[in-house]
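Novice: have a look at this fold, sequence not included:
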């Protein structure tokens, strides 16, 4: 018996940035899509202007446009079979170089934006980022918990793993057959501006190693790990 029901579900995935959804949920969402369930991905923070990215191995920055990043998102969603995806907050100010500013928005504003998607999409399952060292992840995690309060919405809440977790105790493991794992890798390859080399967390080698590490908990070749915040049976 599967631990999750993949049929007749409405799955809302909240992602701090374009690529976190693939890192944390790129496998399990394929199972929902294959079962005919509806999946919506909401990217919280997106800059339409110029991005700046630091490369540790070169000790330098590279720059790329928001148009490039959006094409990467579009390609990754196509690989995963997701047609319903959108952006929560975007900024087209070309002077902005880095978008880690989600924590500067009032919590009430961020919570309300998430509530709007819950009200519009009527999800049965909500996937949210775990708590990490990144302020955008923390801001979205905390606002998601508020938005998913039982008084407002009573569905299942599950936190997914990205990188740099500070508080993450997985209690749910989803096995990934080889074809699903390979599709997840294909999707992460779409994010060319974000990919780096091992041991960077956004690299094919690191992603594969993490999937193998999580898989051994359930005697599977590959797996994704999650923390159930609330399970609505």
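Specialist: Cool, the structure landed. Keep in mind that what you see is a predicted model, and the values were worked out from it rather than measured.
Novice: from here on, just use CA atoms for contacts and neighbour counts.
Specialist: Fine.
Novice: longest strand anywhere in this structure?
Specialist: For the chain, the longest strand by residue count, based on DSSP state E, is strand 38-47.
Novice: direction included, what does that one pair up with?
Specialist: strand 10-15 (parallel), strand 84-91 (parallel) (DSSP bridges).
Novice: and the ones you listed, which is most packed in?
Specialist: strand 10-15 (a mean of 25; mean count of other Cα atoms under 10 Å).
Novice: report the buried residues of the helix or strand hosting residue 109.
Specialist: If you go by DSSP states H and E, residue 109 is part of helix 107-121. Using 16 or more other Cα atoms under 10 Å as the test for burial, helix 107-121 gives 107, 110-111, 113-115, 117-118.
Novice: list of residues touching the longest strand of the chain?
Specialist: The contact list for strand 38-47 (Cα atoms under 8 Å, 6 or more residues apart in numbering) reads 8-18, 21, 29, 32-33, 66, 82-93, 96, 98-100, 102, 140.
Novice: any chance you could map the strands in the protein?
Specialist: Here the chain has its strands, by DSSP E, at 10-15, 38-47, 50-55, 60-65, 84-91, 125-129, 131-132, 156-160, 165-167, 172-175, 223-230.
Novice: run through the bridge partners of the closest residue to residue 172 other than its chain neighbours.
Specialist: Leaving aside its chain neighbours, residue 172 sits nearest to residue 226 (5.1 Å; criterion: Cα to Cα, 6 or more residues apart in numbering). Beta-bridge partners for residue 226, by DSSP bridges, are residue 160, residue 172.
Novice: any idea how far stretch 214-225 is from the chain center?
Specialist: 19 Å (Cα atoms, centre = their mean, to the nearest Å).
Novice: mind listing what's buried in that stretch?
Specialist: Buried residues in stretch 214-225, counted by 16+ other Cα under 10 Å: 214-215, 220-225.
Novice: any chance of the residues you listed in JSON lines, plus pLDDT and distance to residue 200?
Specialist: Output for these, formatted as JSON lines (pLDDT from 0 to 100; distance: Cα to Cα, whole Å):
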{"residue": "214", "pLDDT": "97", "distance to residue 200": "18"}
{"residue": "215", "pLDDT": "98", "distance to residue 200": "20"}
{"residue": "220", "pLDDT": "98", "distance to residue 200": "24"}
{"residue": "221", "pLDDT": "98", "distance to residue 200": "22"}
{"residue": "222", "pLDDT": "98", "distance to residue 200": "19"}
{"residue": "223", "pLDDT": "98", "distance to residue 200": "19"}
{"residue": "224", "pLDDT": "98", "distance to residue 200": "18"}
{"residue": "225", "pLDDT": "97", "distance to residue 200": "19"}
